Structures are given as structure tokens and as C-alpha cells.
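Q: give me a 3D structure for the following:
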Amino acid sequence: DSRGAASLLKDSIPITAFSASGPFEGHDLLRRGFTSVKNELLPSHPLELSEKNFQLNQDKTNFATLRNIQGLHAPLKLQMELRAVKQAQRLPFLHSSNMALDTLRGNDECIGFEDILNDPSQSEVMGEPHMMMEYKLGLL
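A: Okay, here's the model as predicted:
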């Protein structure tokens, strides 16, 4: 057979076809995690949206300043490096420290909230490695 493994996977029946649909469908904890009413609510404080977008706003400001000082090539080079660092990740079930990303942003010398209280061994998000990889690759 000249068809590759990718075409065989496309011809197979997706797992979601076997699941119940409608208002009585169960929540899939393995893929979506625990439900939280807090995530569905509107921001409770005016500064909450600003805090969520802090890193994005700081990057935009830094790129604008870098462009004014060094020209167009400097922010473009930095954006290419940031994109390359974001693409190189560990497997989904392994914790990643993102040290290269912190170094490029200049956060490697700062101690923040997530450095102390974000211990990966106490994480609630841990699933079966095979299912997590199949979900990331689009097989499920």
C-alpha cells in the first residue's frame, strides 16, 4: 500500500464520535482540567486585565524603545529569537523552566511569585504521558 501512516490516521474514526454529546455530556478532566467558575466571570477589578497582559505590554514597550535606539533590525532579531525559543519545548507532561526565554527577556535575575510558589512537583495537572502526546499531535 502506497499510503503513508498519516493518511491511515485520517481515515480512522475520531474518538469524539463515540462520546456523548449534548447537555448531558460529561466534562473530560484529563484533557480540559477542572472546571472553575472564576474563569468564566468578568474581571472583578479594573487592573486585572492590565496584569494579565503585563508581559505583552512590556514586550511592546521594549521593542518600541529598542527600535528607536538601534533601528529596525534589533527588535526583529529579538522577536525571531523569542519565537525560536518558544517553539523549542519539552514534552507536554514534563515541566519546563523556560530558562532561555527568561534570559532573553531579562527575567533571569529576578525572583518572582512563580519562582517560589510554582513548584512543579505539587502541580495538579499531570496526566498519562501517552494520551497527552497523542492529544498534542492531534491524534485524539
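
Q: C-alpha coordinates for the longest helix along the chain, CSV please?
A: Longest helix of the chain, by residue count under DSSP state H: helix 54-70. Extracted as CSV, the C-alpha positions of helix 54-70 are listed here (Å, rounded to 0.1, in the frame of the first residue of the first chain):
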residue,chain,number,x,y,z
PHE,A,54,1.6,42.9,31.6
GLN,A,55,4.3,40.8,29.8
LEU,A,56,2.8,41.6,26.4
ASN,A,57,2.7,45.3,27.1
GLN,A,58,6.2,45.3,28.5
ASP,A,59,7.5,43.5,25.4
LYS,A,60,5.8,46.0,23.1
THR,A,61,7.3,48.9,25.0
ASN,A,62,10.8,47.3,25.0
PHE,A,63,10.6,46.6,21.2
ALA,A,64,9.5,50.2,20.5
THR,A,65,12.4,51.6,22.7
LEU,A,66,14.9,49.2,21.0
ARG,A,67,13.7,50.3,17.6
ASN,A,68,14.1,54.0,18.4
ILE,A,69,17.6,53.5,19.8
GLN,A,70,19.1,50.8,17.5
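
Q: rounded mean pLDDT for it, please.
A: Taken as a whole, helix 54-70 has a mean pLDDT of 93.

Q: helix or strand for Gly138, which one?
A: For Gly138, there is no enclosing helix or strand under DSSP states H and E.
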